[in-house]
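Participant: Show me how the following folds:
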Amino acid sequence: MKNLRITALLLFFILLISSLAFSDTSKKSYDSHKNDDFYFVQITDTHVLSKLFDTNEKSVKRFRGVLDRVCSFNVKPAFVVVTGDLTEWGASGLSGALNCKAFANCLYKKDGKLYADGNFSIPVYTTPGNHDYCFNRNLKNYHKYIDKNHIEDEDRYAVTFGDTSLFFMDSGPNYYSDISILFDWHGEGLFDCDIEWLDDQLSNCQSSHKIVLMHHPAVGEEDDLFINNRDEFIDLCETYGVEVVLAGHTHRSKVYDYDLNEYTELPLNCSQLPTLYVQTDDCKSGVHYRNISFVGDDIWLEDCAEVKVSSFS
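Facilitator: Okay, here's the model as predicted:
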């Protein structure tokens, strides 16, 4: 009986020590992942107007409201992206300049770069949309007041954060070349030089995660897509294993793969799926944003969240 007790006690201590050792190993593993984890926020279709054209500055208050929300989180986003239609109309001319100034004034600027917060800790990256080309089909005011850093690069640029690379592209103004689809909401699309740039960027990219950002979707409902070089763009995304293509434009929240399978259950682990083509809801009629989170080796696409801006007084 005494031997049994001693054996039982020894067994208990062995199990206890093993349990503590396992817990410690798990904790170290979790902590190491946690240190590398981050998320960023996508906002799109803010359609900001100058106070001269916007009663009670509703568009500015919507945009500022969603920025205040995401900057208030205990764990701050690594950065914010705004994927087009920053203004209701931009292009050249005085009224477009006022709208672009109104957008830029919602943000903080330091050393020619935009930030969501006054501490200059949350960078903001933008790409233009079709409304930013209106009404003169150019981006003069966008380049002057919002992003003057990528003019020579045709608004193509890459940002690397940790083991993730993001590729920003301009999907152009409204497409007017085919009169039969004149009243659809197609984007003009990409030039051959855009495709060559993306091919070069992706082929030389050493990051584990690749995300492309533009205004118009490449996959989805036919009336919303950009036209030129769309098949070539999709081929590159599929070939190089781009995990997510983030777009706006449609003022809807939709997630598709290339075969038009729609994914409605979110959050969604993008790293276990083919390239996903994501449309994020707008910050114009509703005040929406979307978080994209990086946990361990996985990208998690979260559902669109809405900020209630209760008063415009």
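
Participant: so what's the residue nearest the centre of the chain up against?
Facilitator: Ranked by distance to the mean C-alpha position of the chain (Cα atoms, centre = their mean), the top residue is residue 42 at 3.7 Å. By Cβ atoms under 8 Å, 6 or more residues apart in numbering, the contact set of residue 42 is 80, 81, 82, 83, 213, 246, 280, 289, 290, 291, 292. All C-beta spots, glycine's among them, are computed from the backbone N, C-alpha and C.

Participant: hey, where'd the helices end up in the stretch 101-250 of the chain?
Facilitator: With DSSP state H, counting those that start in this stretch as the criterion, the stretch 101-250 of the chain has helices at 130-133, 140-145, 192-203, 230-239.

Participant: wait, which of those helices is closest to residue 299?
Facilitator: helix 230-239 (14.3 Å; Cβ to Cβ).

Participant: ok so, going back, confirm that the residue nearest to the centre of the chain lies within a strand, as I assumed.
Facilitator: Yes. Under DSSP: H, G, I helix; E, B strand; the rest coil, residue 42 sits within a strand.

Participant: Need the nearest residue in space to it, chain neighbours excluded.
Facilitator: Spatial nearest neighbour of residue 42, chain neighbours left out: residue 290 (4.6 Å); criterion: Cβ to Cβ, 6 or more residues apart in numbering.

Participant: what's the answer for residue 102, then?
Facilitator: That would be residue 50: by Cβ to Cβ, 6+ apart, it lies 4.7 Å from residue 102.

Participant: In this structure that neighbour contacts residue 94, no?
Facilitator: No. The pair residue 50 / residue 94 is not scored as a contact, 9.8 Å apart, by Cβ atoms under 8 Å.

Participant: Among these two, which residue is more densely surrounded?
Facilitator: residue 50 (22 against 10; other Cβ atoms under 10 Å).

Participant: Contacts only, for the more buried one.
Facilitator: Applying Cβ under 8 Å, 6+ apart, we find residue 50 in contact with 95, 98, 99, 101, 102.

Participant: Let me know the closest of the residues you listed to residue 144.
Facilitator: Closest approach between these and residue 144, by Cβ to Cβ: residue 101, at 9.2 Å.

Participant: Please look at the closest one and residue 142 and confirm they touch.
Facilitator: No. In this structure, residue 101 is not within contact of residue 142 by Cβ under 8 Å, at 11.2 Å.

Participant: ok, these two, which is more surrounded?
Facilitator: Neighbours per residue (other Cβ under 10 Å) separate residue 101 from residue 142, with residue 142 holding more: 30 against 16.

Participant: so who does the more buried one touch?
Facilitator: Counting by Cβ under 8 Å, 6+ apart, residue 142 touches 86, 87, 90, 100, 128, 132.

Participant: Then residue 112?
Facilitator: For residue 112, the contact set (Cβ under 8 Å, 6+ apart) comprises 148, 149.
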